[in-house]
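J.: pasting a predicted model and its sequence here:
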Amino acid sequence: MIKREQYIERLRSFINQPEIIKIIVGIRRCGKSVMLELIQDELKGLGAKEENFIKINFEKMSLSELRDSQKLYAYLVSKIKKIKGRPYLFLDEIQEVDGWESCVNSLRVETDADIYLTGSNAKLLSGEYATLIGGRYISLRMLPFSFKEYLLAKQKISPDIQVNDVFRKYLTYGGMPFVAAFNLGDNDADSYLKDIYGSVVIKDVIQRNKIRNVDLLERILAYVLSNIGSTFSANSISRFFINEKRKAAPETVLNYLKAAQEAYLIYRINRLDIPSKRILKIDEKYYIADHGIREAINGGNERDIERVLENIVCLEMLGRGFEVRVGRIGDREIDFVCDKGKDRIYIQVSYLLAGEDTIEREFGIYSGISDNYPKYVLSMDEIDLSRDGIIHRNIRDFLISNEDFHMLG
């Protein structure tokens, strides 16, 4: 089991605080259930007893009767009454319970239970539930394995494995923990990732949003997966389908994209006009939660390697807790502007810096930025091409580093 320290660290100060509900969200199969086990290990290290843990995974058919909030409440209260000391609740995939919000809020108010939830839909954090508990929860968004985590998983299987070989696998099959933990053949990995995609689309997009035009949804998602890292809007997708002799109103496209975002299948990255600091409301970019799913559904990760590398870097920075935007300076674009607190990092991603023209394009974009925040160019080149205070890193090395992104100078 890989200890996902960057996530544990963000939760650590809230552990053993029953007044704060801890909610872990993310795409299905990204490791949320294992995170609950890691939290339990953390609690045991602080003196909590295993017999005080109440654990329910609502995807298990044997527990289907507890998907009713009234029955769940009665069951948990009866269990809590038998516990000496503080009870700890671990409720996995809580969105499967109808009316879970009132149940969990009542337990927070009426008991001393320390409550941990996981869910696969962003609606967990909106609407009635947010109103019920106000600021009394902390949410943690989880992603599939970063390359660093994927490498650790592979090294547990084969300690002498070469980093370059692992990275080639990661480029194709992504970071879903199950894929990383086992030496799956190509067909098995493909099948597993297709199953995840189907489960997310059916359960968390179609059923949860009562989508009727499934064919259109699938075509929109196929378009997004093919065009990760491209700038487009609901209007441009609508026009594309019109040219293909298919109807797709911009509002419908927008709703379907939002539903996929709420299922943590895709991430929308807004554009930031750097000089004015304005967030631009049109022509966003979209990235997929796991590029291995893109390979399984669409293929072409090797062919579209620059897009895939960009996707990997975007999700890496999200996983490190940064807010990520696409930067704009006039008619030029910086791949990523990443902010966390007072820290900022600019990133350009390129496959290879194959000639002076490419080098000038990737490094030259920073000539319009005069601040002292770190400015990076990431590529697959093995030679350090840093210049003029701009840091060049091999993407693979960047992903496994503990880079210090604090303001320079």
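T.: Here it is on my side, so go on.
J.: could you list the low-pLDDT ranges of this protein?
T.: Flagging of the chain using pLDDT under 70 yields the residue ranges 126-135, 404-409.
J.: please redo it, this time with the cut-off set to 80
T.: 123-135, 402-409 (pLDDT under 80).
J.: tell me which element the most centrally placed residue in it falls in.
T.: For the chain, the residue whose C-alpha lies nearest the mean C-alpha position (CA atoms, centre = their mean) is Leu143; its distance is 3.5 Å. For Leu143, there is no host helix or strand (DSSP states H and E).
J.: in the stretch 151-300 of the chain, which spans are strands?
T.: For the stretch 151-300 of the chain, the strands defined by DSSP state E, counting those that start in this stretch occupy 231-232, 266-273, 278-288.
J.: adding distance to Ile39, write these out as a markdown table.
T.: No exception for glycine: its C-beta is placed from N, CA and C like everyone else's. Conversion of these to a markdown table gives the following (distance: least, CB to CB, whole Å):
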| stretch | distance to Ile39 |
| --- | --- |
| strand 231-232 | 39 |
| strand 266-273 | 25 |
| strand 278-288 | 27 |
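J.: possible to save the ones you listed as JSON lines with mean neighbour count and distance to Val214?
T.: Below are the strands of the stretch 151-300 of the chain laid out as JSON lines (neighbours: other CB atoms under 10 Å; distance: least, CB to CB, whole Å):
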{"stretch": "strand 231-232", "mean neighbour count": "16", "distance to Val214": "22"}
{"stretch": "strand 266-273", "mean neighbour count": "18", "distance to Val214": "17"}
{"stretch": "strand 278-288", "mean neighbour count": "17", "distance to Val214": "19"}
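J.: nearest to Ser64 among those strands would be which one?
T.: strand 266-273 (29.8 Å; CB to CB).
J.: before we move on, the earlier item: Ile54: which of the strands of the stretch 151-300 of the chain is closest?
T.: Once the strands of the stretch 151-300 of the chain are compared by CB to CB, strand 266-273 is nearest, at 32.9 Å.
J.: adjacent strands (with direction) for that closest one?
T.: strand 278-288 (antiparallel), strand 323-329 (parallel) (DSSP bridges).
J.: gap between the first one and the chain center?
T.: When C-alpha coordinates are averaged (CA atoms, centre = their mean, to the nearest Å), strand 278-288 and its chain have centres 17 Å apart.
J.: dump it to CSV, restricted to CA.
T.: Below are the C-alpha coordinates for strand 278-288, written out as CSV (Å, rounded to 0.1, in the frame of the first residue of the first chain):
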residue,chain,number,x,y,z
ARG,A,278,-8.7,38.7,-15.1
ILE,A,279,-10.2,35.2,-15.4
LEU,A,280,-11.4,34.8,-19.0
LYS,A,281,-14.8,33.2,-19.3
ILE,A,282,-14.4,31.7,-22.8
ASP,A,283,-12.2,29.1,-24.5
GLU,A,284,-11.2,27.0,-21.5
LYS,A,285,-9.0,23.8,-21.7
TYR,A,286,-10.0,20.4,-20.5
TYR,A,287,-7.9,17.6,-19.2
ILE,A,288,-8.8,14.0,-18.2
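J.: okay, and Tyr75 sits in which element?
T.: helix 69-81.
J.: by how many degrees do the next helix or strand after that helix and helix 69-81 diverge?
T.: Downstream of helix 69-81, the first helix or strand assigned by DSSP H and E is strand 88-92. Orientation of strand 88-92 against helix 69-81 (axes from the mean of the first three to the mean of the last three CA atoms, to 10 degrees) gives an angle of 150 degrees.
J.: packing partners for strand 88-92?
T.: Applying 3 or more CB pairs under 8 Å, 6 or more residues apart in numbering; DSSP states H and E, one finds that strand 88-92 contacts helix 32-45, strand 53-57, helix 100-110, strand 114-119.
J.: tell me the buried residues in it?
T.: Tyr88, Leu89, Phe90, Leu91, Asp92 (16 or more other CB atoms under 10 Å).
J.: against Ile80, how distant is the first one?
T.: Using CB to CB, to the nearest Å, Tyr88 is found at 10 Å from Ile80.
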